Every structure is written in structure tokens, then in C-alpha cells.
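**Q** 3D model of this:
(one chain, ligands or ions: 2)
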Amino acid sequence: MSRLVPLFELNDKVKFVEEFARTTMGDDPCHGWPHVERVAAYAERIAESIEGVDYEVLAIATLLHDIGRFYQTNLHHAITSSKVAEVLLRGLNYDDEFIEKVSHAIIAHSFSLGVEAKTIEAKILSDADKLDAMGAIGIFRVIYTSGMKKRGFSDSIHHFEEKILKLKEKLYLPQSKRIAGELHRRVELYVAWLRDEMNSLGYYM
Ligand SMILES: [Fe+2]
Ligand SMILES: [Fe+2]
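**A** Ligands and ions are numbered 1, 2, ... in the order given. Coordinates of the predicted model:
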């Protein structure tokens with residue numbers, strides 16, 4: 001399952017970075033290439049009604065924001081991603097200002113690093129990344145990850161409540177908040193159903 005992403009069709013350099021990211025990241029549905037495609041779809045939707053977006057910065061930052069997950073380092077994946085981006089973009093003759101904008105957006109997308117997004121491209125990427133962790137897709141991602149990590153019901157519910165249901169508070173832009181309303185409600189409903197069924201069987205969590 002793959003789709004044409006208009007954001008990645010901007011020019012030949014962006015297409016080159018797209019090919020690099022696609023082949024490096026593989027098909028893990030949660031954090032691999034499919035995640036990048038979905039984040040791009042949300043980013044395109046958010047950016048539609050915003051003036052002055054640098055689409056090349058947005059495209060490259062979206063493509064490379066999680067690439068660091070695929071390198072063995074002791075650093076946070078967003079830091080590794082920004083280092084990979086810097087080397088790659090220098091090789092493609094991008095200037096310092098462009099690289100700095102991409103790097104900032106990559107670092108600021110991370111929930112755990114806590115760096116505030118200062119540019120419109122960083123805000124769009126951060127919001128789009130969070131929207132992909134919400135809604136029915138977000139529910140799929142939590143359950144899939146719980147399976148991989150052998151995490152049970154109560155830890156999964158804890159993850160929904162401590163992380164996923166707090167994501168809407170981390171959004172920057174009104175356009176993203178509008179999309180997030182329904183997605184948040186779906187997760188809330190699912191967690192309520194899960195609790196309800198478990199409680200009815202005598203598991204109070
Ligand atoms: Fe990330
Ligand atoms: Fe991501």
C-alpha cells in the first residue's frame with residue numbers, strides 16, 4: 001500500500017531524498033515509510049490554508065524526521081535524524097540556512113526532547129506527526145507496538161492515557177486542532193470501551 005505524495009514531487013533533489021528515505025526506512029507501519037507517507041498527507045492538509053510555507057523545507061524535514069531510528073547510535077532518534085539530514089543535504093548542495101531550517105523542524109518534532117517549534121514548517125511537521133499517533137491509526141499503532149513489546153492491557157491503557165490522549169494539547173496550529181478533535185474522541189471512546197469490558201470481567205484498571 002503506497003501512494004503518490006504531491007509534497008515529495010517538488011523537484012529532483014526532493015525525489016532523491018524520498019528514494020533514500022523509502023529504501024532506508026522499510027515498511028514498518030508504525031515508524032517506517034508508511035508513517036512518513038501519512039505524516040506528509042496530514043502536513044499537506046494542514047499547510048493548504050497557511051501562507052508562506054517553504055514546501056521544500058517541509059518535504060525534506062518530513063522525509064528525514066524519523067530516519068535516525070534506522071541508525072545504531074546512543075543518541076535520541078531526532079538528533080541522529082538531524083545529523084543524517086545535515087550530511088545528506090550538504091552533499092546535495094543545500095545552503096546553511098536551508099539545512100538549519102530542516103534540522104530545527106526535525107529536532108522540534110520530538111515529544112520527548114521538548115524543543116519548541118519556532119518556524120511554520122516545524123509546527124506543521126510536529127502537528128502532522130502527532131495526528132498520525134491519534135485516531136484509529138493511533139489505536140492500531142499502540143496495539144501493534146504493544147504486541148512487539150509484549151505489553152499487556154493495563155500498560156497499553158496507561159500509554160493511551162499518558163501519551164496519546166495528551167497529544168492534542170501539544171498541537172500548535174488551529175488547522176491541526178480541527179482535525180484532532182474527532183481523532184481524539186475516537187481514542188477516548190476506544191479506551192472507555194476497553195476499560196468497560198475489562199471491568200465487566202472483574203479486572204479493574
Ligand atoms: Fe520521531
Ligand atoms: Fe514520526
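
**Q** And the protein, split by domain according to the record?
**A** The record's domain split for the chain, according to automatic domain parsing, is 6-115, 135-200.

**Q** okay, those in a markdown table with mean neighbour count next?
**A** All C-beta atoms are positioned from the backbone trio N, CA, C, and that covers glycine. What follows is the domains of the chain, written out as a markdown table (neighbours: other C-beta atoms under 10 Å):
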| stretch | mean neighbour count |
| --- | --- |
| domain 6-115 | 18 |
| domain 135-200 | 15 |
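
**Q** Which helix or strand contains the residue most central in space within the chain?
**A** Centroid check for the chain by C-alpha atoms, centre = their mean gives Asp129 as the closest residue, at 2.5 Å. Mapping Asp129 onto the secondary structure by DSSP states H and E places it in helix 120-131.

**Q** For stretch 166-179, report the contacting residues that lie outside it.
**A** Here stretch 166-179 makes contact (C-beta atoms under 8 Å, 6 or more residues apart in numbering) with 42, 45-46, 48-50, 111, 117, 123-124, 126-128, 130-131, 133-134, 180-181, 184.

**Q** do that stretch and ligand 2 meet at all?
**A** No. Judged by C-beta under 5 Å from the ion, stretch 166-179 makes no contact with ligand 2; its nearest approach is 12.1 Å.

**Q** any idea of the angle the helix or strand Glu100 falls within forms with helix 120-131?
**A** Per DSSP H and E: Glu100 is located in helix 96-108. Helix 96-108 and helix 120-131 are oriented at 30 degrees to each other (axes from the mean of the first three to the mean of the last three C-alpha atoms, to 10 degrees).

**Q** and helix 96-108 with ligand 2, contact?
**A** No. Applying C-beta under 5 Å from the ion, one finds helix 96-108 separated from ligand 2 by no less than 9.9 Å.

**Q** got the residues of the protein near ligand 2?
**A** Going by C-beta under 5 Å from the ion, the residues of the chain near ligand 2 are Asp66, Asp129.

**Q** what about the chain, any weak spots by pLDDT?
**A** 1 (pLDDT under 70).

**Q** follow-up on the earlier one: and the contacts of the helix holding Glu100?
**A** 54, 56-58, 60-61, 64-65, 78-79, 81-82, 85-86, 89-90, 94, 113, 115-119, 121-122, 125-126.
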